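Engineer: Quick one: sequence and predicted model below, then my questions.
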Amino acid sequence: MKRKPLYLRPLFRSFSFGSSLFSCSFSTQRHVIQATKLQKPFFRSSENDRNRSGGDSKFKESIEHLCQQKRLKDVIHLLENQVHQPFAALYTTILQLCIEKRALDEGKRVHAHIKGSGFVPGIFISNKILDLYCKCGSISDARKVFDEMGERDLCSWNTLTCGYAKVGLVSEARKLFNEMPERDNFSWTAMISGYVKHKRPVDALELYRLMQGNENLMSNKFTVSSALAASAAVQSLRLGKEIHGHIMRTGLDSDAVVWSALLDVYGKCGSVKEAKYIFDRTAGKDIVSWTTMIDRYFGDGRWEEGLSLFSDFLSSGNRPNEFTFAGVLNACAHQTAERLGKQIHGNMMRTGFDPSSFAASALVHMYAKCGSVESAHKVFKWLPRPDLVSWTSLINGYAQNGQPHEALRLFDLLLRSGNQPDHITFVGVLSACTHAGLVDKGLKYFHSIKDKHGLNHTADHYACVIDLLSRSGRFKEAEDIINKMPMKPDKFLWASLLGGCRIHGNYELAERAAEALFQIEPENAATYVTLANIYATAGKWSEVAKVRKLMDERGVVKKPGMSWIDVEKKVHIFLVGDQSHPRSKEIFDYLGKVSMRMKEEGYVPHTNHVLHDVEEEQKEQSLFYHSEKLAVAFGIISTPPGTPIKVFKNLRTCVDCHTAIKFISGIAERKIIIRDSSRFHCFESGSCSCHDYW
């Protein structure tokens, strides 16, 4: 039996560990032999041959050493300056390092070296090159390699199909999938997950159905997880339950990946109870499972249960990631739970987190939404590279907290920073102009959205500019814009117009806005109440009665005003005229005393908006016990002198309460912050940050 030439032995040793790799190396070996025949006889030994063999060995050792140290640039330099032809194993090692580092440029240089050296790669190395281009997103280069391959295997087809799906060319991926001479589980899963990733869940589910019809294929955990994700995307609980049944029958239900996908589909389909059932039975819950379940509670509006589960999560010994922190902080922002948000902030600082992550942006958003714009600004300044979400949150925070000029200054800084504003940013900018009464400046910003920044106007932008114009009484301009809009006015726009009509007593235009709102959301009591207030101000009591009758006929019930305040780590809630609080007698006594003092200083109750045609004294009594006044009084009697008071209300604060709290802030020498459904009002020394323009 003939001995193998010396320079072929390392080649066979390198690929003796697998049959597929051996076939690839054999293909490469054939071309190496053919190239060598042209140069010299196989078995002639000489000093030059021995020197070359020693040089090859040193070259191989150097390449392997550099690859182990991940020194890719040095590897490429050595490769391109080496006169000896590399072995197939070395090309494989170098290409693998390029793949790991997603080094497209270096990978192209290796590919060029392979072509220039006369080395003809087999399937294995060709697949490596193909994988490199696909993973680096260079799909055109990948396709060229695929088309030039003299021989392809299933791995070649799967790699290119997956590459197309990864970059979003799912139609091309499906065409290739249909042309495949054979398919395995990976082929189907790659195509299904590609559809899911690129927002084509219906196609994903159709393909999953086809796969199920193939008796030779068995769905694995990745396939069913993608199918469940598609079911969650279309919010089909029925399909989710069908796939769940299949999982139970095939024994895949013990896998953590599958449990996490099941949890997600039940949660997104609104079946939080089933989601919790799955969650409780998941063994070895990972951070994804915890975060998903917490987010499902928040998504369903079950804030207390979500926050309670987050507390359990911290006790479990798991460490939150940026997704967990962002979800909880957004919940705190929604619930204006600043105290808890501060605790989360402290936990983030203790455990360490990336200040460039979106969890940091969520922190800015939380403080801004809770009315602590100073804290939001401190976090913002701490961020090394604030993203657009952080800029926008702070701009909106200033706009909503009575600092519109600061919001506009920050917007100018945003533009100078090189960041491009989006449509949400301009909502904050237009709101700032609205609250400051900067009508002409606001109109200039509105037109710049399209003319200067190349963005399309959204329904939100139109609602803001109508709010801007109607608050200042420029109704003719507002109507002109409404009539020229390229889209149908939505409920927010009509509500903005109705609010402006309330300020200026324009009941004729208010009737048009209210009628449009009655068509869009006839169940919303705010429309009826605002229209009735406008009639009441004008003394049109018969029209007020008609509105009240219409509410009765349609079964519309006015949402009760509710205010709450956090004192000594406990939230205290008040309704209008509420006497259920343990300290209600002290609260009412304080309000009685402060009311007398207020009148001495010039306070006159604003009874115009009281909907009952009754005596003035009765109107004053109904105003006296509004929920925000009760909450403010409780805050004052429950905290040390000088402590700021922060109250939240679910509805817009009325004119009388706004006036009264200005007086109370001066008498009690307190800073009082009221967050109503529209904005923050900061009362201090008898004045409000909104300058009575809200």
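Structural biologist: Happy to help now that I have it.
Engineer: what's the spacing between D184 and K197?
Structural biologist: According to C-beta to C-beta, to the nearest Å, D184 stands 20 Å off from K197. C-betas here are computed from N, CA, C, even on glycine.
Engineer: Remind me which helix or strand the residue nearest to C464 when sequence neighbours are not counted belongs to.
Structural biologist: In this structure, C464 finds its nearest non-sequential neighbour in L430, 3.7 Å apart by C-beta to C-beta, 6 or more residues apart in numbering. Element membership of L430, judged by DSSP states H and E, is helix 423-436.
Engineer: Am I right that C682 falls within a helix?
Structural biologist: No. Checked against DSSP: H, G, I helix; E, B strand; the rest coil, C682 lies outside a helix; its state is strand.
Engineer: so it makes contact with G402?
Structural biologist: Yes. With contact defined as C-beta atoms under 8 Å, C682 counts as touching G402 (5.4 Å).
Engineer: Need the overlap of contacts for the two.
Structural biologist: Common neighbours of C682 and G402, using C-beta atoms under 8 Å, 6 or more residues apart in numbering, are C688, S689.
Engineer: roughly how far is the helix holding L430 from the heart of the chain?
Structural biologist: 21 Å (C-alpha atoms, centre = their mean, to the nearest Å).
Engineer: Kindly report the same for stretch 295-308.
Structural biologist: Here the centre of stretch 295-308 is set off from its chain's centre by 17 Å, with C-alpha atoms, centre = their mean.
Engineer: ok, residues contacting it?
Structural biologist: Counting by C-beta under 8 Å, 6+ apart, 263-264, 266-268, 270, 272, 275, 294, 309, 327-328, 330-331, 334-335, 337, 340 sit against stretch 295-308.
Engineer: give me that answer again for 6 Å
Structural biologist: Identification of contacts with stretch 295-308 by C-beta atoms under 6 Å, 6 or more residues apart in numbering yields G267, V272, A275, I294, G327, A331, Q335.
Engineer: Now the third one: which helix or strand?
Structural biologist: In other words, A275. Here A275 is assigned to helix 272-280, by DSSP H and E.
Engineer: Tell me where the stretch 251-400 of the chain has helices.
Structural biologist: 256-268, 272-280, 287-299, 303-315, 322-334, 338-351, 358-369, 373-382, 388-400 (DSSP state H, counting those that start in this stretch).
Engineer: Output these as a markdown table; include the columns mean pLDDT.
Structural biologist: Listed next are the helices of the stretch 251-400 of the chain as a markdown table, based on pLDDT from 0 to 100:
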| stretch | mean pLDDT |
| --- | --- |
| helix 256-268 | 82 |
| helix 272-280 | 87 |
| helix 287-299 | 87 |
| helix 303-315 | 88 |
| helix 322-334 | 90 |
| helix 338-351 | 88 |
| helix 358-369 | 91 |
| helix 373-382 | 93 |
| helix 388-400 | 92 |
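Engineer: Could you dump those helices into a markdown table and include distance to Y528 and mean neighbour count?
Structural biologist: Formatted as a markdown table, these follow (distance: least, C-beta to C-beta, whole Å; neighbours: other C-beta atoms under 10 Å):
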| stretch | distance to Y528 | mean neighbour count |
| --- | --- | --- |
| helix 256-268 | 35 | 24 |
| helix 272-280 | 33 | 18 |
| helix 287-299 | 30 | 22 |
| helix 303-315 | 29 | 16 |
| helix 322-334 | 26 | 22 |
| helix 338-351 | 33 | 16 |
| helix 358-369 | 29 | 26 |
| helix 373-382 | 34 | 18 |
| helix 388-400 | 26 | 25 |
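Engineer: Out of those helices, which gets nearest to M191?
Structural biologist: helix 256-268 (17.5 Å; C-beta to C-beta).
Engineer: quick check, distance from the closest one to the centre of its chain.
Structural biologist: For helix 256-268, the distance to the chain centre is 19 Å (C-alpha atoms, centre = their mean).
Engineer: who touches that helix?
Structural biologist: Contacts of helix 256-268 (C-beta under 6 Å, 6+ apart): 221, 225, 228, 231-232, 240, 244, 247, 252, 274-275, 278-279, 282, 288-289, 292, 296.
Engineer: Check what pLDDT N456 gets.
Structural biologist: On pLDDT, N456 comes in at 94.
Engineer: does it sit in a helix, a strand or a coil?
Structural biologist: coil.
Engineer: Tell me who's in contact with it.
Structural biologist: Per C-beta under 6 Å, 6+ apart, neighbours of N456: none.
Engineer: And the contacts of the strand or helix carrying K115?
Structural biologist: Taking DSSP H and E as the definition, one finds K115 inside helix 104-116. With contact meaning C-beta under 6 Å, 6+ apart, helix 104-116 is reached by L72, I76, L79, I94, L95, C98, I129, L132, C136, S138.
Engineer: Would you point out the most distant pair within those residues?
Structural biologist: Most distant of the contacts of helix 104-116, by C-beta to C-beta, are L79 and S138, 20.0 Å apart.
Engineer: which one of the two has more residues nearby?
Structural biologist: L79 (22 against 18; other C-beta atoms under 10 Å).
Engineer: I'd like to know the predicted local confidence at the residue nearest to the more buried one when sequence neighbours are not counted, please.
Structural biologist: Excluding its sequence neighbours, the residue lying closest to L79 (C-beta to C-beta, 6+ apart) is H113, at 5.9 Å. H113 carries a pLDDT value of 85.
Engineer: Over to K144?
Structural biologist: Reported pLDDT for K144: 94.
Engineer: buried set for the helix holding L430?
Structural biologist: Within helix 423-436, the residues that count as buried by 16 or more other C-beta atoms under 10 Å are 423, 425-436.
Engineer: in the chain, which spans are strands?
Structural biologist: 562-567, 570-575, 645-649, 672-675, 680-684, 687-688 (DSSP state E).
Engineer: okay, the angle between the helix holding L430 and helix 388-400?
Structural biologist: Here helix 423-436 runs at an angle of 10 degrees relative to helix 388-400 (axes from the mean of the first three to the mean of the last three C-alpha atoms, to 10 degrees).
Engineer: which secondary structure elements does helix 423-436 contact?
Structural biologist: Helix 423-436 sits against helix 388-400, helix 404-416, helix 439-451, helix 459-471, with contacts defined as 3 or more C-beta pairs under 6 Å, 6 or more residues apart in numbering; DSSP states H and E.
Engineer: okay if I get those helices as CSV plus distance to A525?
Structural biologist: Shown next, in CSV, are the helices and strands packed on helix 423-436 (distance: least, C-beta to C-beta, whole Å):
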stretch, distance to A525
helix 388-400, 24
helix 404-416, 30
helix 439-451, 30
helix 459-471, 20
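Engineer: among those helices, which is nearest P560?
Structural biologist: Per C-beta to C-beta, nearest to P560 of the helices and strands packed on helix 423-436: helix 388-400, 24.0 Å.
Engineer: Using a markdown table, please lay out the strands of the chain together with distance to I503 and mean neighbour count.
Structural biologist: Output for the strands of the chain, formatted as a markdown table (distance: least, C-beta to C-beta, whole Å; neighbours: other C-beta under 10 Å):
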| stretch | distance to I503 | mean neighbour count |
| --- | --- | --- |
| strand 562-567 | 23 | 19 |
| strand 570-575 | 27 | 16 |
| strand 645-649 | 19 | 24 |
| strand 672-675 | 18 | 23 |
| strand 680-684 | 16 | 23 |
| strand 687-688 | 15 | 17 |
